[in-house]
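In: Have a look at this fold, sequence not included:
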Ligand SMILES: NC(=O)c1ccc[n+]([C@@H]2O[C@H](COP(=O)([O-])OP(=O)(O)OC[C@H]3O[C@@H](n4cnc5c(N)ncnc54)[C@H](O)[C@@H]3O)[C@@H](O)[C@H]2O)c1
Ligand SMILES: [Zn+2]
């Protein structure tokens, strides 16, 4: 059977569809010495069973605790420990079976193990299928700051099977929706039309295989034109400067936000007047207002100082100019950040 990827990025195929028809045949064409599957406690239960039977030779499994709070050096050390234990040589393959946390951290561990072994991304969340698994960014959080340590490394292949969405909890599904809508805002009005006036209750019954293709297409287009984020790739940071600060801040509280929840707030804050209503109307049904007390503004500002886009001490936002397709950068001060957060607080939805 001829294997036709839906996309190719940096010579590496991206497949959308059943693993039995994509990953299974693809693996048969490879010659790895052994396979190690990285899972978290949830993907071990919900996703590993449908992958196991497709692995053509002996394999081992690693299971790590689920959640962003484990995307750190300590967990990497546990993973490297297992790679050592199973004697992974440079002909081995690491399969990252999970959401963006597993993909980012497993990709980083593989990229640095013996100066780099092959890994494939098998994303199991909407967020990872549509965004995190594509584009070669790997990494971990360090001292509470998002994605501070990491490398660019292209996976050997990506396999997005929409069937995994069936077991995804609602809150995680909606988290991924934020990135899908982001792709719509920055690059595909037709993609957005799937969500106009949509009741959250029918979200899961949309044609997801098709929406995944539309959403991945935007990401692939952007990362093809600008793989190392020198310009256009900034588009993908829409909502993320304020969003990452919120995500880091709330991670330390009793009420953490998902990545998507944080960047949905970020997008509402970072969108200037001409597009503000459209963006807010599409996000509002899925992302109810989160109270952000004024006392937190300074902590958020401090967190934003660490953002990788900044230069010369200012905090740099990538904000929509002409949506879709163009963004511009804006350097802001602490009082201006306060104004943007205030704007979110007073917007009615
Ligand atoms: N590399 C990139 O370009 C990029 C882009 C966007 C986001 N990210 C990163 O991705 C991460 C967020 O990813 P995420 O939202 O997938 O989080 P996640 O990996 O924590 O997954 C969310 C939750 O869903 C569970 N889960 C995963 N698949 C499941 C399934 N099929 N059924 C049941 N439960 C399942 C997980 O165990 C976890 O509890 C963040 O760390 C973010 O920084 C990276
Ligand atoms: Zn994101």
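Out: Right, received. Where do you want to start? Note that this is a predicted model, so its numbers are computed, not measured. Residues are numbered from 1 along each chain as shown. Ligands and ions are numbered 1, 2, ... in the order given.
In: hmm, the strand or helix carrying residue 44 touching ligand 1?
Out: Assigned by DSSP states H and E, residue 44 falls within helix 41-46. Yes. Counting by Cβ under 6 Å from any ligand atom, ligand 1 is contacted by helix 41-46 at 42, 43, 46. Every residue, glycine included, has its C-beta placed from N, CA and C.
In: what pLDDT, on average, does the helix or strand hosting residue 223 get?
Out: Using DSSP H and E, residue 223 sits within helix 208-225. In this model, helix 208-225 has an average pLDDT of 96.
In: That one - contacts with which helices or strands?
Out: Using 3 or more Cβ pairs under 8 Å, 6 or more residues apart in numbering; DSSP states H and E, the elements in contact with helix 208-225 are strand 7-9, strand 12-16, helix 170-187, helix 189-193.
In: if we go to 6 Å?
Out: helix 170-187 (3 or more Cβ pairs under 6 Å, 6 or more residues apart in numbering; DSSP states H and E).
In: and the stretch 151-300 of the chain, which residues reach ligand 1?
Out: Counting by Cβ under 6 Å from any ligand atom, the stretch 151-300 of the chain sits next to ligand 1 at 164, 167, 168, 172, 175, 259.
In: Which pair of those spans the longest distance?
Out: Across those, the longest distance by Cβ to Cβ is 18.8 Å; it joins 167 and 259.
In: which one of these two has more residues nearby?
Out: residue 259 (25 against 13; other Cβ atoms under 10 Å).
In: show me what contacts the more buried one?
Out: 175, 247 (Cβ atoms under 6 Å, 6 or more residues apart in numbering).
In: Adding pLDDT, write the residues of helix 41-46 next to ligand 1 out as JSON lines.
Out: Listed next are the residues of helix 41-46 next to ligand 1 as JSON lines, based on pLDDT from 0 to 100:
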{"residue": "42", "pLDDT": "98"}
{"residue": "43", "pLDDT": "98"}
{"residue": "46", "pLDDT": "98"}
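In: for these, which one is nearest residue 66?
Out: residue 42 (5.0 Å).
In: What is the burial count for that closest one?
Out: 21.
In: Next one: it from residue 263, what distance?
Out: Residue 42 sits at a distance of 22 Å from residue 263 (criterion: Cβ to Cβ, to the nearest Å).
In: can you check residue 271 too?
Out: Noted for residue 271: a distance of 12 Å to residue 263, by Cβ to Cβ.
In: of the two, who's got more company?
Out: residue 263 (30 against 23).
In: so what's that one scoring on pLDDT?
Out: Reported pLDDT at residue 263 in the predicted model: 97.
In: Quick one: the strands in the stretch 1-150 of the chain, in order.
Out: For the stretch 1-150 of the chain, the strands defined by DSSP state E, counting those that start in this stretch cover 7-9, 12-16, 35-40, 59-64, 93-98, 118-123, 137-142, 145-152.
In: What strands line up against the longest one, and which way round?
Out: I take that to be strand 145-152. strand 137-142 (antiparallel) (DSSP bridges).
In: buried set for the strand it pairs with?
Out: Buried residues in strand 137-142, defined by neighbour count with 16 or more other Cβ atoms under 10 Å: 137, 138, 139, 140, 141.
In: residue contacts, the fourth one?
Out: Residue 140 makes contacts with 71, 72, 105, 108, 149, as judged by Cβ under 6 Å, 6+ apart.
In: The third one and residue 70 touch, don't they?
Out: No. Between residue 105 and residue 70 there is no contact, the gap being 8.1 Å when judged by Cβ atoms under 6 Å.
In: Which of the two has more residues huddled nearby?
Out: Counted by other Cβ under 10 Å, residue 105 and residue 70 do not tie: residue 105 has more neighbours, with 27 against 19.
In: before we move on, back to that, contact partners of the helix holding residue 223?
Out: The contact list for helix 208-225, computed with Cβ under 6 Å, 6+ apart, reads 7, 9, 16, 129-130, 134-135, 160, 162, 180, 183, 187-188, 191, 194, 232-233, 235-236.
In: swap the cut-off to 7 Å and go again
Out: Contact with helix 208-225 is made by 6-7, 9, 14, 16, 129-131, 134-135, 160, 162, 165, 180, 183, 186-188, 190-191, 194, 232-233, 235-236, as judged by Cβ atoms under 7 Å, 6 or more residues apart in numbering.
In: orientation of it relative to strand 145-152 in degrees?
Out: 70 degrees (axes from the mean of the first three to the mean of the last three Cα atoms, to 10 degrees).
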